[in-house]
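Chemist: okay, sequence plus prediction incoming.
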Amino acid sequence: MLAIIGGSGLYQIEGVQILKESYVETPFGSTTSPILWCALEGAKFLFLPRHNKDHSVPPSSINFKANIFALKQAGASAVLSVSAVGSLREELSPNKFCFATDFIDFTRLRDLSFFSDFVVHWSPVPLVCKEVVEQASKLLPENKLLKPKKAVYICIEGPRFSTKAESEMFRAWGADLIGMTACPECLLCREARICYANLCVITDYDCWKDHAVTQEEVMTNFKANLAQIQEFIKQFVVTFQPTCEQKIDLNSCFVGGVKPEWFEVLRR
């Protein structure tokens, strides 16, 4: 089953049938947003607005572990995440879309792994599912979708935007996009054997280029693209075919300690 995670500005999907909506209790606490079980033209999918429907949950307070575990438990095998991001490159211009090709985790306060009480060593390569990206790319407007060879997303803690010195540092590191929510989301999906892709909606040039970022700029530009994003998602959920086999083998990654009962949910 496909799951859609909505970011800033994407709190619902117009025109779909809501079969059920509820917060979900997990071994890691409650999801920070309700999960919606949805249907459209015979296709069933999950939707989770990561900041809640009223955008009341800041990035550092999102219970990523509960959210991803709940999606896995509900049957999600693939996640398409939608994020508002800043650009660190001239050619990645605002009001365009692109898919992140890799991630740098620059967060400091978040619980990063399901495997904190026993030993599992695993590789985060690749973090992005090419199958999800390829299928999704076919449905996005050609005049809006950028296809750079690399689009490295650096995830900062937030809620503040970066300083100019930080922005220049991230550019020197090789980062191309900047946001506040992809990590540990992408890492937890990998641990949960869920295919992951992040559709980045570029809203600004961060602060390295010309001026300080404002929340008004971010939301105005995201909302300007919201209708196209909603239409794309509706097309994607009815055409998506899960075919990826690049999932980690948790049994071979396990080293030692006591496996909790919920480990079997991630392993399947």
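Modeler: Structure's in. What do you need? Residues are numbered from 1 along each chain as shown.
Chemist: all contacts plus neighbour counts: C-alpha atoms, from now on.
Modeler: OK.
Chemist: can you map out the helices along this structure?
Modeler: 64-73, 130-137, 164-173, 185-191, 215-239, 250-253, 263-267 (DSSP state H).
Chemist: using a markdown table, lay out the ones you listed together with mean neighbour count.
Modeler: Putting these into a markdown table (neighbours: other C-alpha atoms under 10 Å) gives the following:
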| stretch | mean neighbour count |
| --- | --- |
| helix 64-73 | 25 |
| helix 130-137 | 18 |
| helix 164-173 | 15 |
| helix 185-191 | 24 |
| helix 215-239 | 16 |
| helix 250-253 | 13 |
| helix 263-267 | 14 |
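Chemist: with Val85 as the reference, name the closest of those helices.
Modeler: helix 215-239 (8.2 Å; C-alpha to C-alpha).
Chemist: compare the helices of the chain and give me the one nearest Ala197.
Modeler: Judging those by C-alpha to C-alpha, what sits closest to Ala197 is helix 130-137, at 6.3 Å.
Chemist: how distant is the closest one from the center of its chain?
Modeler: 14 Å (C-alpha atoms, centre = their mean, to the nearest Å).
Chemist: by contact count, what packs against it?
Modeler: The contact analysis (3 or more C-alpha pairs under 8 Å, 6 or more residues apart in numbering; DSSP states H and E) places helix 130-137 against strand 195-204.
Chemist: quick one: the strand it packs on to helix 130-137, angle?
Modeler: Orientation check (axes from the mean of the first three to the mean of the last three C-alpha atoms, to 10 degrees): strand 195-204 against helix 130-137 gives 50 degrees.
Chemist: what mean pLDDT would you report for strand 195-204?
Modeler: The pLDDT scores in strand 195-204 average 97.
Chemist: also stretch 208-226?
Modeler: So the average pLDDT for stretch 208-226 ends up being 92.
Chemist: now it - C-alpha only, CSV.
Modeler: What follows is stretch 208-226, C-alpha atoms only, in CSV (Å, rounded to 0.1, in the frame of the first residue of the first chain):
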residue,chain,number,x,y,z
TRP,A,208,22.6,32.6,0.7
LYS,A,209,21.4,34.3,-2.4
ASP,A,210,19.7,37.6,-1.8
HIS,A,211,17.4,38.0,1.2
ALA,A,212,16.2,36.4,4.4
VAL,A,213,13.6,33.7,4.1
THR,A,214,10.2,34.4,5.5
GLN,A,215,7.4,32.0,6.4
GLU,A,216,5.1,34.2,4.2
GLU,A,217,7.3,33.5,1.2
VAL,A,218,7.4,29.8,1.8
MET,A,219,3.7,29.4,2.3
THR,A,220,2.7,31.7,-0.6
ASN,A,221,4.9,29.8,-3.1
PHE,A,222,3.7,26.4,-1.8
LYS,A,223,0.1,27.4,-2.0
ALA,A,224,0.6,28.6,-5.5
ASN,A,225,1.6,25.1,-6.5
LEU,A,226,-0.9,23.2,-4.3
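Chemist: need the helices of the chain in JSON lines (columns: distance to Pro58).
Modeler: Below are those laid out as JSON lines (distance: least, C-alpha to C-alpha, whole Å):
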{"stretch": "helix 64-73", "distance to Pro58": "12"}
{"stretch": "helix 130-137", "distance to Pro58": "27"}
{"stretch": "helix 164-173", "distance to Pro58": "21"}
{"stretch": "helix 185-191", "distance to Pro58": "14"}
{"stretch": "helix 215-239", "distance to Pro58": "13"}
{"stretch": "helix 250-253", "distance to Pro58": "31"}
{"stretch": "helix 263-267", "distance to Pro58": "26"}
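Chemist: what's around Trp262, how many residues?
Modeler: 13 (other C-alpha atoms under 10 Å).
Chemist: now it. Nearest residue, chain neighbours left out?
Modeler: Pro27 (7.5 Å; C-alpha to C-alpha, 6 or more residues apart in numbering).
Chemist: surely that neighbour touches Lys65?
Modeler: No - with contact defined as C-alpha atoms under 8 Å, Pro27 does not count as touching Lys65 (9.1 Å).
Chemist: closest to the centroid, which residue in the chain?
Modeler: Ser81 (3.5 Å; C-alpha atoms, centre = their mean).
Chemist: which residues touch that one?
Modeler: Residues in contact with Ser81 (C-alpha atoms under 8 Å, 6 or more residues apart in numbering) are 4-7, 196-199.
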